[in-house]
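Enquirer: what follows is a predicted structure for the sequence shown.
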Amino acid sequence: MDTPTYAKGLEGVIAAESKICKIDGEQGKLYYYGHPLAELAASCTFEEVTYLLLYGKLPTTDELNAFSARMRAGRALSEPVLQMIREFPADSHPMELLQSVISYLSGYVEHKIHHSPHCNCRDTLHQVAQVTSVIAAYHRMQNGEAYVPPRDDLSHGANFLYMLRGEEPDDREGKIMDKCFVIHAEHSFNASTFTARVVASTMSTCYSSISAAIGALYGSLHGGANERVMQMVDQIGSTEKVKEFVEKKLERKEKVMGMGHRVYRAKDPRAVVMEAFLDEMSDKTGNRTYYDILKGVETTFRAKMEVKGKPIYPNVDFFSGAVYRLLGIPRALYTPIFAAARAAGWLAHILEQREDNRIFRPRALYVGEVDLPVPPRAQR
Ligand SMILES: CC(C)(COP(=O)(O)OP(=O)(O)OC[C@H]1O[C@@H](n2cnc3c(N)ncnc32)[C@H](O)[C@@H]1OP(=O)(O)O)[C@@H](O)C(=O)NCCC(=O)NCCS
């Protein structure tokens, strides 16, 4: 019998073949179905990228129009879902609400999982279309405001800001939000995507797979780094305090949030796009404080780490929180926004898993005892 290998956290283990996403960590490149992210972010909408992820090819104009119409029709929240959002315990995290809503939605669709390998997730698109609507409705209800129904003449990003604010964003804000979704749509076998695939491998529904993935993303080791970056920016407060802050962090051997990545050994290509958005939003709003503080942190941190022979670059979370804040989005919604975008990638992986399925069933390295006696209760 083969000696089983053990890799804690499955580090370095290849768990499946996939054509969806390639990360070239050395070169700092990311591809969705072979298309470089930088080019997708420059010229595609989130709906177009969602189509790419679900069908494995970029859509023609007709295909995109039909797909967008379906996705936009899927955005509206039904009364039972609105009621659920209204009645959800007020002090819950929006990720807990999202996870519950996605499970709940399952009861409202006819899913043919037991008869077809694909169920109907390419048709309903609820799992992608409704996430932004739930986030916006949650935010408004928390603030005592009424639910704003979606508009089917707006892109996914512009519609999200519209539903959140109750008024239409300008063209650039809508486009930047839409592209933030493109940037976060997919990132290979991270913990939440792997979770989605594990659940899908049991031939469960895509709703339960995505709900499980949301649970994985909720954990502080996965989603939420951009929230902590903005906490850091607030703590620093002004550019003059950057150097001292970074030096103290490194002296105390603490992590500087938003810097470094397990896979990238060059600048995260998503951070390159996000930085440009932050620069633009800073000019647009006349508030360059966040940009200046972050660039100060990056320069100081990188210089210190280069001396130690550790070239460490900003990751996507370094700039994204500041972009969201300048778009008027509160911090509690940053991780839910990540889920709204990543739902497209999760769905792509669920579909791919089903095409050539084998249930995930790793083994544990048993380190406990055996053959222990079971004495009567009174003698334990
Ligand atoms: C993502 C992360 C866990 C990767 O860690 P990693 O795999 O250990 O990264 P590396 O192998 O490149 O680290 C090399 C060295 O730089 C240090 N380092 C890496 N990122 C650092 C950071 N943000 N701040 C301070 N030191 C850091 C590591 O501790 C390690 O030090 P050592 O050689 O003394 O052990 C880490 O960079 C981190 O915690 N970053 C901040 C949190 C964050 O932004 N997370 C979101 C990721 S998308």
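Expert: Done, it's in.
Enquirer: leaving out sequence neighbours, find the closest residue to whatever residue of the chain ends up closest to the ligand.
Expert: Nearest residue of the chain to the ligand (CB to the nearest ligand atom) works out as residue 260 at 2.2 Å. Backbone N, C-alpha and C define where each C-beta goes, glycine included. Distance criterion CB to CB, 6 or more residues apart in numbering; nearest residue to residue 260, sequence neighbours excluded, is residue 312 at 4.6 Å.
Enquirer: residues contacting that neighbour?
Expert: Going by CB atoms under 8 Å, 6 or more residues apart in numbering, residue 312 touches 259-260, 301-302, 305.
Enquirer: pLDDT at it, what is it?
Expert: On pLDDT, residue 312 comes in at 93.
Enquirer: got it, and residue 225?
Expert: 89.
Enquirer: could you find the closest non-adjacent residue to it?
Expert: Nearest residue to residue 225, sequence neighbours excluded (CB to CB, 6+ apart): residue 317, at 3.9 Å.
Enquirer: check which helix or strand covers that neighbour.
Expert: Secondary structure from DSSP states H and E places residue 317 in helix 316-326.
Enquirer: buried set for that helix?
Expert: Applying a neighbour-count criterion of 16 or more other CB atoms under 10 Å, one finds 316-326 buried in helix 316-326.
Enquirer: my guess is residue 84 contacts residue 101, does it?
Expert: Yes. With contact defined as CB atoms under 8 Å, residue 84 reaches residue 101; the gap is 6.3 Å.
Enquirer: model confidence over stretch 143-157, on average?
Expert: Summarised as a single mean, pLDDT over stretch 143-157 is 97.
Enquirer: who touches it?
Expert: 45-47, 69, 71-73, 75-77, 82, 132-133, 136-137, 140-141, 159, 162-164, 166, 168, 174-181.
Enquirer: next, count neighbours for the residue of the chain closest to the ligand.
Expert: 18 (other CB atoms under 10 Å).
Enquirer: enumerate every residue touching it.
Expert: By CB under 8 Å, 6+ apart, the contact list for residue 260 reads 312-313, 315.
Enquirer: need the pLDDT of it.
Expert: pLDDT recorded at residue 260 is 93.
Enquirer: look up phi and psi at it.
Expert: With angles defined as degrees, to the nearest 10, residue 260 sits at phi 90, psi 160.
Enquirer: please report the distance of it from residue 176.
Expert: Distance from residue 260 to residue 176, counting by CB to CB, to the nearest Å: 25 Å.
Enquirer: mind listing the strands for the stretch 1-150 of the chain?
Expert: Ranges of strands within the stretch 1-150 of the chain are 21-24, 29-32, 35-36, based on DSSP state E, counting those that start in this stretch.
Enquirer: turn those into a markdown table, including distance to the ligand and mean neighbour count.
Expert: What follows is the strands of the stretch 1-150 of the chain, written out as a markdown table (distance: least, CB to the nearest ligand atom, whole Å; neighbours: other CB atoms under 10 Å):
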| stretch | distance to the ligand | mean neighbour count |
| --- | --- | --- |
| strand 21-24 | 12 | 18 |
| strand 29-32 | 12 | 21 |
| strand 35-36 | 19 | 16 |
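Enquirer: now those in CSV, with mean pLDDT and distance to residue 292?
Expert: Below are the strands of the stretch 1-150 of the chain laid out as CSV (pLDDT from 0 to 100; distance: least, CB to CB, whole Å):
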stretch, mean pLDDT, distance to residue 292
strand 21-24, 97, 30
strand 29-32, 97, 27
strand 35-36, 98, 30
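Enquirer: let me have the ones you listed in CSV, adding distance to residue 148 as columns.
Expert: Shown next, in CSV, are those (distance: least, CB to CB, whole Å):
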stretch, distance to residue 148
strand 21-24, 33
strand 29-32, 31
strand 35-36, 33
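Enquirer: what strand or helix carries the residue lying closest to residue 300 once chain neighbours are set aside?
Expert: Distances taken as CB to CB, 6+ apart put residue 246 closest to residue 300, at 4.4 Å, once the chain neighbours are dropped. Element membership for residue 246, per DSSP H and E: helix 242-251.
Enquirer: for that helix, name the packing helices and strands.
Expert: helix 225-236, helix 289-307 (3 or more CB pairs under 8 Å, 6 or more residues apart in numbering; DSSP states H and E).
Enquirer: what about the shortest one and the ligand, touching?
Expert: Yes. Against the ligand, helix 225-236 shows contacts by CB under 6 Å from any ligand atom at residue 225.
Enquirer: run through who's touching that helix.
Expert: Under the criterion CB under 8 Å, 6+ apart, residues 242, 245, 256-258, 290, 293-294, 297, 315-318, 320-322, 324-325, 331-332, 334-335, 338 lie in contact with helix 225-236.
Enquirer: how about it as PDB, C-alpha atoms only?
Expert: This file holds the C-alpha atoms of helix 225-236, laid out as PDB (Å, rounded to 0.1, in the frame of the first residue of the first chain):
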ATOM      1  CA  ALA A 225      -8.400  42.000   4.800                       C
ATOM      2  CA  ASN A 226      -9.600  45.300   3.100                       C
ATOM      3  CA  GLU A 227     -11.600  46.100   6.200                       C
ATOM      4  CA  ARG A 228      -8.400  45.800   8.200                       C
ATOM      5  CA  VAL A 229      -6.500  47.900   5.700                       C
ATOM      6  CA  MET A 230      -9.000  50.800   6.200                       C
ATOM      7  CA  GLN A 231      -8.700  50.300  10.000                       C
ATOM      8  CA  MET A 232      -5.000  50.800   9.600                       C
ATOM      9  CA  VAL A 233      -5.400  53.900   7.400                       C
ATOM     10  CA  ASP A 234      -7.800  55.400  10.000                       C
ATOM     11  CA  GLN A 235      -5.300  54.600  12.700                       C
ATOM     12  CA  ILE A 236      -2.400  56.300  10.800                       C
END
